[in-house]
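Chemist: sharing a model prediction with you, sequence too.
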Amino acid sequence: MSTTQYWPQGTVYGTLLNFKAERAEMAAQMTEPPHKTPPQAPVLFIKTANTFNTSGSTVQVPAKVLEIEIGATFGMIIGRNKAVAQSNRAQAAPENIANQVAGFVLMNDLSIPHASFFRPPVKFKCLDGFLGVGPQLVPTELAGDPALFKLEVRINGVLKQTIDFSTLHRDALTLLGDVNEFMTLQAGDVLMLGCDAGRPLAKVGDCIDISAPGFPAFGTLSHTLVPEGQFFDGPPLEKLAPSGGSEAHAVASVGATYL
Amino acid sequence: MKQARVVYAGVIHDAVESDGQLLLADGRRVAPDAVVWLPPLAPVPQARTILALGLNYADHAKELEFKAPSEPLVFVKGEASLIGHRAFTHRPTGVTFMHYECELAAVIGKTAKHVKVSGAYDFIAGYTVANDYAIRDYLENWYRPNLRVKNRDTCTPLGPWLVDAADIDDPMALALQTTVNGKVTQSGNTADMIFNVPFLIEYFSGFMTLQPGDLILTGTPDGVVDCQPGDVIVTEIEHVGALINTIDTL
């Protein structure tokens, strides 16, 4: 397996309310204004490219923000057989959906804590460095069934959260299929499976480690929180970015490296 | 200069407008209807950030029964939703309200972080026209407008041209209009934006770094109507261009 740090080649989509405990916690609010009704389609958001942040780097915390929320999850990476949208029902069959997944990677979907989910969370989730990207893409055939995945979150070495991916509201392939119903995911795009309830908070000076017990191939995703103004100490972005143009980048780089 | 990105004879070309024709980078001149138009954007090394404004014209906010926002209402789009000039946008079967949104799109020209309003125009490479379709049947009150409404395949035509920023005297005083099958259904002026382009550059670059090729779609004024398969929608902005799109079904 390559030891090169994985780097997202396409658009990274995140999912809100995809854990049963997270939905249970929100159940009373779901029928109140402004939401009025529980969500029907997957609730998605985008982590823009400025958020991508390699493992071992720092995350800058804005001066007026006391704590940030840790969103440990897995990113599901779309492969060469990109996910086809509503145009073709046959493509959405479960076995075809599985064929679209190149692999999985640890991710840390950091947020400034926010109580309202009515409007898109851009100013809470799209700050520079606010998506921790795990070191290793683990191909689907090695990763196995994502329902068996578990994650542990440690702050300064102390276990703060354990996440069991058998408790998803939509399992990984159902989620992908329901997203496919309205948009095509491109090769290289990433769909994060969601973050469970009980997301830990961390502050400047804290070291966050995310790992997958039983799955050492994923490695450990580590970040240190620093005050705004201190710079990243991870690899320079230009060394990680692909050299090709946008038409070629997704298929070529994912295909060559990970399939 | 008006720049385009087109497919001609099986190859992608950069081109510029020249006396009503397209002048390809290799010197050939071709007719506008002899090419397939792509979004007028050079490739970028990683996912392009596309920020889009909701309710950024007071009249449109009123039309949708919302109070004008006190800070920008922004959502993010994936690059895969973009299509070019003269392309086709799919209307799903069974929906009742699918509408265009004619929007001035600003294209970032250099890395922008903590930019102030006073210097914001220096960070813009140019402007193009976006048609940010919405299918209101799919609206849900979770991260609204949700991606099922706003991030569908083929639902963000962009183009035809990227017009150099230097060629637009005042981007905050441009007439815009939309026609459906030749009939004017939407008209407005970029002067009526609630949050203008320099403000938006300062606002976004205050918490996120924008890169060359990133886009800000600045919202749409009053006057959106339902579009049916076969309808030809022309979203036009003074000095920037007329973006043609046709609705179809799959």
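Modeler: Happy to help now that I have it. Numbering: from 1, shown residues only, chains lettered A, B, ... in the order given.

Chemist: against B:P198, how distant is B:P171?
Modeler: 9 Å (Cβ to Cβ, to the nearest Å). Glycine gets a C-beta too; all of them are placed from N, C-alpha and C.

Chemist: the two: which is more packed in?
Modeler: For B:P171 versus B:P198, neighbours defined as other Cβ atoms under 10 Å in any protein chain shown are more numerous around B:P171 (24 against 20).

Chemist: spell out the secondary structure type for the more buried one.
Modeler: Following DSSP: H, G, I helix; E, B strand; the rest coil, B:P171 is assigned to coil.

Chemist: quick one: pLDDT of it?
Modeler: You'll see B:P171 listed with a pLDDT of 98.

Chemist: and if you look at the one 4 residues further on?
Modeler: As summarised for this prediction, B:A175 has a pLDDT of 98.

Chemist: and what of A:N99?
Modeler: Model confidence at A:N99 (pLDDT) stands at 83.

Chemist: distance check, it against A:T140.
Modeler: Counting by Cβ to Cβ - A:N99 and A:T140 are separated by 9 Å.

Chemist: what sits in contact with each of those two?
Modeler: A:G79 (Cβ atoms under 8 Å, 6 or more residues apart in numbering or on different chains).

Chemist: who's more crowded, the two?
Modeler: Higher neighbour count among A:N99 and A:T140: A:T140, with 21 against 15, using other Cβ under 10 Å.

Chemist: residue contacts, the more buried one?
Modeler: A:G79, A:A98, A:V101, A:A102, A:G103, A:F104.

Chemist: for these, give me TSV that also has distance to chain B, secondary structure and neighbour count.
Modeler: As requested, those are exported to TSV (distance: Cβ to the nearest Cβ, whole Å; DSSP: H, G, I helix; E, B strand; the rest coil; neighbours: other Cβ atoms under 10 Å in any protein chain shown):
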residue	distance to chain B	secondary structure	neighbour count
A:G79	15	coil	23
A:A98	21	helix	13
A:V101	17	strand	22
A:A102	16	strand	25
A:G103	18	strand	23
A:F104	19	strand	30
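
Chemist: quick check, central residue of chain A?
Modeler: For chain A, the residue nearest the mean C-alpha position is A:M192 (3.6 Å; Cα atoms, centre = their mean).

Chemist: chain A contacts on chain B?
Modeler: Proximity of chain B to chain A (Cβ under 8 Å from any Cβ of the partner chain) is limited to residues B:12, B:43-49, B:51, B:73-81, B:92, B:113, B:138, B:140-148, B:151-153, B:207-211, B:250.

Chemist: pLDDT score for the residue nearest to the centre of chain A?
Modeler: In the predicted model, A:M192 carries a pLDDT score of 98.

Chemist: could you double-check that it sits in contact with A:V12?
Modeler: Yes - assessed by Cβ atoms under 8 Å, A:M192 is found in contact with A:V12 at 6.9 Å.

Chemist: shared neighbours, those two?
Modeler: In contact with both A:M192 and A:V12: A:K47, A:G75, A:M107, using Cβ under 8 Å, 6+ apart.

Chemist: the second one: what's it in contact with?
Modeler: Under the criterion of Cβ under 8 Å, 6+ apart, the contact list for A:G75 reads A:P8, A:V12, A:F104, A:V105, A:L106, A:M107, A:V133, A:G134, A:V190, A:L191, A:M192, A:L193.

Chemist: select from these the one having the most neighbours.
Modeler: A:F104 (30 neighbours).

Chemist: what bridges to that residue?
Modeler: A:M76, A:V138 (DSSP bridges).

Chemist: return the member of the shared contacts of A:M192 and A:V12 nearest to B:P160.
Modeler: Using Cβ to Cβ, A:K47 comes nearest to B:P160 of those, at 30.7 Å.

Chemist: hey, which helix is longest across chain B?
Modeler: Secondary structure of chain B per DSSP state H: the longest helix is helix B:197-205.

Chemist: got the buried residues for that one?
Modeler: For helix B:197-205, the buried set under the neighbour-count rule, 16 or more other Cβ atoms under 10 Å in any protein chain shown, comprises B:V197, B:P198, B:L200, B:I201, B:E202, B:Y203, B:F204, B:S205.

Chemist: which residues touch that helix?
Modeler: With Cβ under 8 Å, 6+ apart, helix B:197-205 has contacts from B:51, B:53, B:71-72, B:74, B:104, B:106, B:112-118, B:120-121, B:123-124, B:171-172, B:195, B:210, B:216, B:218.

Chemist: circling back: inside helices: which ones of the residues of chain B next to chain A?
Modeler: Taking DSSP H, the ones among those that sit in helices are B:L147, B:R148.

Chemist: from the residues of chain B next to chain A, which ones fall inside strands?
Modeler: B:I12, B:L51, B:L73, B:V74, B:F75, B:V76, B:K77 (DSSP state E).

Chemist: just the buried residues of the residues you listed.
Modeler: Of those, these count as buried by 16+ other Cβ under 10 Å: B:L51, B:L73, B:V74, B:F75, B:V76, B:K77.

Chemist: hmm, which two among those residues are most spread apart?
Modeler: B:L73 and B:K77 (13.9 Å).

Chemist: related to what we said a few turns ago, narrow the residues of chain B next to chain A to those that are buried.
Modeler: B:44-49, B:51, B:73-81, B:138, B:140-148, B:151-153, B:207-211.

Chemist: against B:A106, how distant is B:A87?
Modeler: Taking Cβ to Cβ, one finds B:A87 at 22 Å from B:A106.

Chemist: so which of those two has more stuff around it?
Modeler: B:A106 (27 against 20).

Chemist: isn't there a strand covering A:A21?
Modeler: No - per three-state DSSP, A:A21 lies outside any strand segment and is helix.

Chemist: please report how far it lies from A:M76.
Modeler: 20 Å.

Chemist: more neighbours, those two?
Modeler: Between A:A21 and A:M76, counted using other Cβ under 10 Å, the more crowded position is A:M76 (29 against 14).

Chemist: how about the more buried one, what does it touch?
Modeler: With Cβ under 8 Å, 6+ apart, A:M76 has these contacts: A:V101, A:F104, A:P146, A:A172, A:L175, A:L176, A:V190, A:L191, A:M192, A:L193.

Chemist: the closest residue to B:L82 other than its chain neighbours: neighbouring residues, count only.
Modeler: Nearest residue to B:L82 in three dimensions, chain neighbours excluded: B:P39, at 4.6 Å (Cβ to Cβ, 6 or more residues apart in numbering or on different chains). Around B:P39 sit 23 other residues, with neighbours defined as other Cβ under 10 Å.

Chemist: ok, for residue 139, nearest residue in space, not its chain neighbours?
Modeler: In the absence of a named chain, this looks at chain A. Nearest one to A:P139, counting by Cβ to Cβ, 6+ apart, is A:G103 at 4.3 Å.

Chemist: right idea, wrong chain: chain B
Modeler: Going by Cβ to Cβ, 6+ apart, B:L139 has B:V149 as its nearest residue, at 5.4 Å.

Chemist: distance of the one you found from B:F88?
Modeler: 19 Å.

Chemist: which one's more surrounded, those two?
Modeler: B:V149 (21 against 15).

Chemist: what sits against the more buried one?
Modeler: So B:V149 contacts B:A134, B:I135, B:R136, B:Y138, B:L139 (Cβ under 8 Å, 6+ apart).

Chemist: could you break chain B into its assigned domains?
Modeler: Following automatic domain parsing, one finds the domains of chain B at B:1-38, B:42-248.

Chemist: what's the end-to-end length of the last one?
Modeler: Start and end residues of domain B:42-248 are separated by 27 Å (Cα to Cα, to the nearest Å).
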